[in-house]
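Trainee: Just need the structure, nothing else, for what follows:
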Amino acid sequence: MLRRDRATLLVAIVAVTALCWVYLFRAAGQMASMDLDAGMDVMRLRPWTALDLSLLLLMWVVMMVGMMLPGATPMILLYAQVHRKAETEGRTLAPTGLFALGYLAVWGGFSVAATAAQWGLDRLALLSPRMVATSPVLGAGLLAAAGLYQLTPWKDACLRHCRAPAHFLANHWRAGRAGAFQMGVRHGAFCLGCCWVLMALLFVGGVMNLLWIAAIAFFVLLEKAAPWGRTGGRWSGVALVGLGIALGVGWFRP
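Mentor: Presented below is the predicted three-dimensional model:
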């Protein structure tokens, strides 16, 4: 039964992640075929509509699910295993789905904030038609902020919870379906605390730059799962600060 549950969950996670990336590929392809310069000029000359914001929010939600769900897979699978052992009736999949839903709800909230940030940057003419920061000062600030955050105790505290699924479950276990959702939200909050500044780097490399999106997602996954993830995260912080300084003084352009 446990093997069947794990197989079902893995198939579901892979399917959802794949659908998200298919959507992103299609959206990036549509953007590549558009006259973005003209389109951006038109957008700036009129107020954004509810449809514009809804489509932008959908893009961010899909992107966050595609980027962050793979990194949560070990926690989701372990939750399913512990839940089956804890519950005598063995009903595992529904509470596990609620756990994953709680986790993704946090990133949905982040998507709302990211949508608002993109709208604000666009209104200030700080984003190019390719959704890349046009201001070297803004780009340098984001790089340096992400690098410095990698070295903070807040990053350490959040990453410890993400890297130790068993420890998280032992300390935050809640019974029932409501408890499953609450645990998912709590785990998502730790994950958000670990990665939110890194997600801001999407405005540096391009919000719809698929290689940049994949690179950030892969780095987040390694930081959570690789044995050297925390050490690598610290060195990446130093490198990001250096890149921010280099961009700020004009030594390179992204």
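
Trainee: For the residue nearest to residue 166 when sequence neighbours are not counted, grab the count of nearby residues.
Mentor: Closest residue in space to residue 166, ignoring its immediate chain neighbours: residue 78 at 6.6 Å, by Cβ to Cβ, 6 or more residues apart in numbering. Quick note: C-beta positions are derived from backbone N, CA and C, even for glycine. Neighbours of residue 78 under the rule other Cβ atoms under 10 Å: 14.

Trainee: what sits against residue 78?
Mentor: With contact set as Cβ atoms under 8 Å, 6 or more residues apart in numbering, residue 78 has these partners: 165, 166, 169.

Trainee: any idea which element it lies in?
Mentor: Using DSSP states H and E, residue 78 maps to helix 50-86.

Trainee: Report the buried residues of that helix.
Mentor: 56-57, 59-73, 75-77, 79-84 (16 or more other Cβ atoms under 10 Å).

Trainee: Show the subsequent helix or strand relative to that helix.
Mentor: Counting by DSSP H and E, what follows helix 50-86 is helix 93-123.

Trainee: Please name every helix or strand in contact with that following helix.
Mentor: For helix 93-123, the elements it packs on are helix 2-32, helix 36-45, helix 50-86, helix 176-200, helix 202-205, judged by 3 or more Cβ pairs under 8 Å, 6 or more residues apart in numbering; DSSP states H and E.

Trainee: how about a cut-off of 7 Å?
Mentor: helix 2-32, helix 50-86, helix 176-200 (3 or more Cβ pairs under 7 Å, 6 or more residues apart in numbering; DSSP states H and E).

Trainee: For those helices, give me a markdown table that also has distance to residue 123 and mean pLDDT.
Mentor: Formatted as a markdown table, the helices and strands packed on helix 93-123 follow (distance: least, Cβ to Cβ, whole Å; pLDDT from 0 to 100):
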| stretch | distance to residue 123 | mean pLDDT |
| --- | --- | --- |
| helix 2-32 | 20 | 88 |
| helix 50-86 | 12 | 89 |
| helix 176-200 | 18 | 92 |
